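3D model of this:
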Amino acid sequence: MENPRDWRHRLLPRSLFGRSLLIIVMPLLIVQIVSTWYFYDRHWDIVARRLAQAIAGDVAAIVDLHEQARTPAERAEVVALALRHMDLRVDWRPGERLPPIDREPDDFFIAGQLFSALRERVDRPIAIDPESRPRQVEILVQLEEGVLELMAPQKRLFSFTAYAIIAWTIGSSLLLFGVASLFMRNQVKPIRRLAAAAESFGKGRDVPGFKPEGATEVRQAAAAFLVMRERIQRQIVQRTTMLAGVSHDLRTPLTRMRLGLALLPQSADIADLQGDIVEMERMIQAYLDFTRGEGDEPPVDTDLGRLLDEIAAGARRDGVEIAVAAPPGLHLPVRPHAIKRCIGNLVGNASRHARRVWIGAVARPAGVDILVDDDGPGIPPHERENAFRPFHRLDPSRNAATGGVGLGLTIARDIARGHGGDISLEESPQGGLRARILLPL
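Numbers count the residues shown, from 1 in each chain. Predicted coordinates for the structure are as follows:
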């Protein structure tokens, strides 16, 4: 059974701008609905009834005067009086009879009010036609000798101030809505800029020209973001500087050892020691690559197809059978050397366990997927996430022929996440393993 909160959440706007406008508009809309209901149900009904009673009183007076008039001259005087003082046009139709009418007219609200008022004031058969004459309401009264026709202007039945009030209400609501929209849009802009700056920084890109602006709370959040960015950048610089010193301190004694061994007579033991030194240098380099990450390399707009071709050319020089498939003109702002190291690590891992490697790029709406496939034995699904753990190797031995120190995939994922993306492992259509690098726009 669906939770009632689910559909309520789906109806609510997702953006802060939409929800803020909803907070402003909903009370205004409720007030307008209540005001309109009260006006139409109370005020307009009362005004319409009073206007109808006023016309009904005039009609009743004309009917009485017409019945008291005995000569054509007196009746002409009644007609002139009605036109001059009551704005009613009167016409006498001697000998005519009205058809029987047993209900109020239902096609015109004001006519119904007038019909009820006339039945109260005029104790004679009556008929009303509000549509036969433009801007006129025809009132027919059955007298003993004929029918008395009276034409009343429709403006006497309407209160045009009602339309003015409605127009003012709608206009003021639209004006307030426009002002609120403009104000809220200006308030939301700094939040959007802060979100865009945080997203760019999370993708490893520079955020030039960003400064705190907007409301006090938004400024505080932006200032906290700037302080956080400075701390992270300072930490990266300090780590890189420290590792440069560590690299020098570690490589210096290894170089002395290498030179010392080169001066000794060659033997099996000396060859083993030289191999250990090479392995130590390779391990130190892997550690430094892992801790250094991307360094301070700036992101630039890069042709991914050309980058993949360069990686494939380097792999072919190492004897790797590799194929490239990438659409032309696929550009993305990345750190080219870091991405080359990321893809190179994946290609190196694949080439150690497979006969052939395929690399390619696929554009998608939110970014680009870089695929590295092989025809090797693959990795069991339950071990794929463990493969990204630092110093974790699926081969428990430390044999250099079957792999490094267990940092290749870790470095690759660290670089991908430094660009705001990630790496996932899955089954390859080539029968082995597929490494998918997700890079956002």
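
I'd like the average pLDDT over stretch 38-55.
Taken as a whole, stretch 38-55 has an average pLDDT of 76.

just so I have it, where are all the strands in the stretch 1-150 of the chain?
With DSSP state E, counting those that start in this stretch as the criterion, the stretch 1-150 of the chain has strands at 89-94, 126-129, 136-142, 146-153.

how about these in JSON lines, adding mean pLDDT?
Formatted as JSON lines, the strands of the stretch 1-150 of the chain follow (pLDDT from 0 to 100):
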{"stretch": "strand 89-94", "mean pLDDT": "86"}
{"stretch": "strand 126-129", "mean pLDDT": "83"}
{"stretch": "strand 136-142", "mean pLDDT": "86"}
{"stretch": "strand 146-153", "mean pLDDT": "87"}
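
Just put the ones you listed in TSV and tack on distance to residue 355 and mean neighbour count.
C-beta here means a position set from N, CA and C on the backbone, and glycine is covered the same way. Listed next are the strands of the stretch 1-150 of the chain as TSV, based on distance: least, CB to CB, whole Å; neighbours: other CB atoms under 10 Å:
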stretch	distance to residue 355	mean neighbour count
strand 89-94	106	15
strand 126-129	98	18
strand 136-142	98	20
strand 146-153	99	20
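
Residue 34: which of these is closest?
strand 136-142 (32.0 Å; CB to CB).

partners of the closest one in the sheet?
According to DSSP bridges, strand 136-142 has the following sheet partners: strand 126-129 (antiparallel), strand 146-153 (antiparallel).

could I get those strands as CSV with distance to residue 120?
What follows is the strands paired with strand 136-142, written out as CSV (distance: least, CB to CB, whole Å):
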stretch, distance to residue 120
strand 126-129, 11
strand 146-153, 17
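
closest one to residue 86 among those?
It's strand 146-153; of the strands paired with strand 136-142, that one is closest to residue 86 (CB to CB) at 8.6 Å.

Next, the angle strand 89-94 makes with the closest one.
Put simply, strand 146-153 runs at 160 degrees to strand 89-94, going by axes from the mean of the first three to the mean of the last three CA atoms, to 10 degrees.

Which neighbouring elements make contact with the helix or strand just after strand 146-153?
Downstream of strand 146-153, the next assigned helix or strand under DSSP states H and E is helix 161-202. With contacts taken as 3 or more CB pairs under 8 Å, 6 or more residues apart in numbering; DSSP states H and E, helix 161-202 sits against helix 16-38, helix 216-263.

which stretch among those helices comes nearest residue 145?
Closest among the helices and strands packed on helix 161-202, using CB to CB: helix 16-38, at 47.5 Å.

re the thing from before, determine which of the helices and strands packed on helix 161-202 approaches residue 75 most closely.
Here helix 16-38 is closest among these (CB to CB), at 46.0 Å.

what's next to that closest one, contact-wise?
Contact with helix 16-38 is made by 12-13, 166, 169, 173, 176-177, 180-181, 184-185, 187-188, 191, as judged by CB atoms under 8 Å, 6 or more residues apart in numbering.

Could you list the buried residues of that helix?
In terms of neighbour count (16 or more other CB atoms under 10 Å), helix 16-38 has its buried residues at 17, 20-21, 24.

now stretch 313-329
Those buried within stretch 313-329 under the rule 16+ other CB under 10 Å are 315, 320, 322, 324, 326.

can you list the weak-confidence ranges in the stretch 251-400 of the chain?
Scanning the stretch 251-400 of the chain with the threshold set as pLDDT under 70 gives 286-296, 393-400.

now do 80
For the stretch 251-400 of the chain, the stretches with pLDDT under 80 are 251-252, 254, 258, 263, 269, 272, 276, 278-298, 390-400.

can you give me the helices in it?
Ranges of helices within the stretch 251-400 of the chain are 268-292, 304-317, 336-353, based on DSSP state H, counting those that start in this stretch.

Name the residues linked to residue 357 by a beta bridge.
For residue 357, the beta-bridge partners under DSSP bridges are residue 322, residue 374.

Just confirm it contacts residue 371, I think it does.
No. Between residue 357 and residue 371 no contact is recorded; they are 10.7 Å apart, counting by CB atoms under 8 Å.

Look at those two and report which has more neighbours.
residue 357 (26 against 19; other CB atoms under 10 Å).

For that one, give its distance to residue 324.
Distance check for residue 357 against residue 324: by CB to CB, to the nearest Å, it reads 10 Å.

ditto for residue 215
Counting by CB to CB, the gap from residue 215 to residue 324 is 51 Å.

could the strands of the stretch 1-150 of the chain be laid out in JSON lines, adding distance to residue 34?
Shown next, in JSON lines, are these (distance: least, CB to CB, whole Å):
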{"stretch": "strand 89-94", "distance to residue 34": "41"}
{"stretch": "strand 126-129", "distance to residue 34": "33"}
{"stretch": "strand 136-142", "distance to residue 34": "32"}
{"stretch": "strand 146-153", "distance to residue 34": "33"}
